[in-house]
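Novice: quick check, what structure comes out for this input:
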Amino acid sequence: MEPRVLTYSEAGEGDPLVLVPGALTGWSSWIPHQERLSTHHRVLRVQPIHNELGSEGKPGDPGYTAGIERESLLLTIDHVGVEGADFAGWSGGGRALIEFALAYPDRVRSLTLVEPAAYWILEQLGEEVAAVDELNQFLRGLAGNDVTEDDLARFLAYAGFVEDSAVARQHPNWERWVSLRMALSWQDSVESAGRSVEELSSITCPVLLVKGTVTEAWLKRVVDILGQRIPHARVVELVGDHASHIQSIDRFLEEFEAHLH
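Specialist: Below you'll find the model as predicted:
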């Protein structure tokens with residue numbers, strides 16, 4: 001598999017802002033943010049390859065790596081003529097943007113990371129978290145395979161979208177998540193880009209870190225460590241779970257605009 005220009009949606013005028021989605025939900029999760037932000041910014045909402053092909057029902061390709069994810073984003077901003085931009089990423093998108101910022105610091109004016117799924121940080125620090133170990137093993141089992149509804153329910157519990165997998169089907173977003181579930185079979189190969197925790201201090205742009213009040217403890221811990229390790233980072237907590245930037249969108253956009261200015 002080779003890097004390529006990503007599918008994207010562009011709206012508005014002004015300083016460029018790039019929105020990168022999570023591993024499951026894809027670019028549609030950023031639609032309400034793009035609509036409101038595009039009144040003052042040129043907003044690019046991208047669809048990573050794993051989201052695009054996964055939503056089409058295609059199983060994960062073992063050739064898809066963090067490097068392809070990173071270089072595809074670079075090709076995309078080059079394609080639209082963006083030299084430097086503000087970037088925001090949620091969950092898997094936040095993890096991808098940490099890698100992008102480390103590789104291409106001159107292209108990143110600022111970062112906003114909403115509970116980035118960078119649990120490699122915990123592993124490197126020797127923090128044993130049972131939920132993270134279980135999630136790693138679970139994703140390895142999904143790699144390149146069909147993802148069942150039961151698999152999806154388990155993932156939603158791991159990620160903190162639901163309290164327990166037994167109630168996942170009662171969530172109002174269940175039907176939409178079911179249609180996107182094959183994106184999970186692409187995740188094992190992109191979870192680690194071989195980076196070290198020490199490298200985080202080289203991210204010198206302003207960074208806004210967001211966590212939810214009732215999200216999983218390990219996701220909060222990743223945010224807190226990033227807040228300690230990145231020189232110009234600020235941590236905010238919003239009411240909600242792993243999707244607090246959607247559930248508390250007014251507060252998120254208020255903090256986000258303050259961060260950009």
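Novice: show the contacting residues for Gln187.
Specialist: Contacts here follow C-beta atoms under 8 Å, 6 or more residues apart in numbering; on that basis Gln187 touches 23, 50, 60, 92, 139, 142-143. In short, each C-beta sits where N, CA and C put it, glycine included.
Novice: all the strands of the stretch 101-250 of the chain, residue numbers only.
Specialist: Along the stretch 101-250 of the chain, counting by DSSP state E, counting those that start in this stretch, strands occupy 108-114, 207-212, 233-238.
Novice: wait, doesn't Leu209 sit right on Arg229?
Specialist: No - Leu209 lies out of contact with Arg229 (C-beta atoms under 8 Å); the separation is 10.7 Å.
Novice: between these two, which has more neighbouring residues?
Specialist: Leu209 (23 against 16; other C-beta atoms under 10 Å).
Novice: show me the beta-bridge partners of that one.
Specialist: Here Leu209 sits in beta bridges with Leu113, Val235, going by DSSP bridges.
Novice: relative to Gly126, how far out is it?
Specialist: 22 Å (C-beta to C-beta, to the nearest Å).
Novice: do the same with Tyr158
Specialist: Distance from Tyr158 to Gly126, by C-beta to C-beta: 21 Å.
Novice: now Pro172
Specialist: 39 Å.
Novice: one more: Ala168?
Specialist: Distance from Ala168 to Gly126, by C-beta to C-beta: 32 Å.
Novice: likewise Asp133?
Specialist: From Asp133 to Gly126 the distance is 13 Å (C-beta to C-beta).
Novice: before we move on, what about Gly94?
Specialist: Gly94 is 22 Å from Gly126, by C-beta to C-beta.
Novice: Asp150 too?
Specialist: Taken as C-beta to C-beta, the span from Asp150 to Gly126 is 32 Å.
Novice: which residues touch Glu149?
Specialist: 169, 178, 181.
Novice: again, only this time at 7 Å
Specialist: By C-beta atoms under 7 Å, 6 or more residues apart in numbering, the residues touching Glu149 are Val178.
Novice: ok so, going back, neighbour count for Asp150 and Gly126, which is higher?
Specialist: Taking neighbours as other C-beta under 10 Å, Asp150 and Gly126 compare with Asp150 leading, 11 against 6.
Novice: could you check the pLDDT of the more buried one?
Specialist: The pLDDT attached to Asp150 in the predicted structure is 95.
Novice: repeat for Glu216
Specialist: 88.
Novice: next, count neighbours for it.
Specialist: So Glu216, with other C-beta under 10 Å, has 22 neighbours.
Novice: grab the nearest non-local neighbour of it.
Specialist: Gly160 (3.9 Å; C-beta to C-beta, 6 or more residues apart in numbering).
Novice: buried residues in the helix or strand of the chain with the lowest mean pLDDT?
Specialist: When the helices and strands of the chain are scored by mean pLDDT, DSSP states H and E, helix 130-142 comes last with a mean of 85. Residues 131-132, 135-136, 138-139, 142 are the ones in helix 130-142 that count as buried (16 or more other C-beta atoms under 10 Å).
Novice: and if you look at stretch 226-240?
Specialist: 226-227, 229-230, 233, 236-238, 240.
Novice: give me the contacts around that stretch.
Specialist: Outside stretch 226-240, the residues touching it (C-beta under 7 Å, 6+ apart) are 113, 197, 200-201, 203-214, 223-224, 244-245, 247-248, 251-252, 255.
Novice: of the residues you listed, grab the buried ones for ChimeraX.
Specialist: The following ChimeraX line selects those of the contacts of stretch 226-240 that are buried, judged by 16+ other C-beta under 10 Å:
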select :113,197,200,203,205,206,207,208,209,210,211,212,223,244,245,247,248,251,252,255
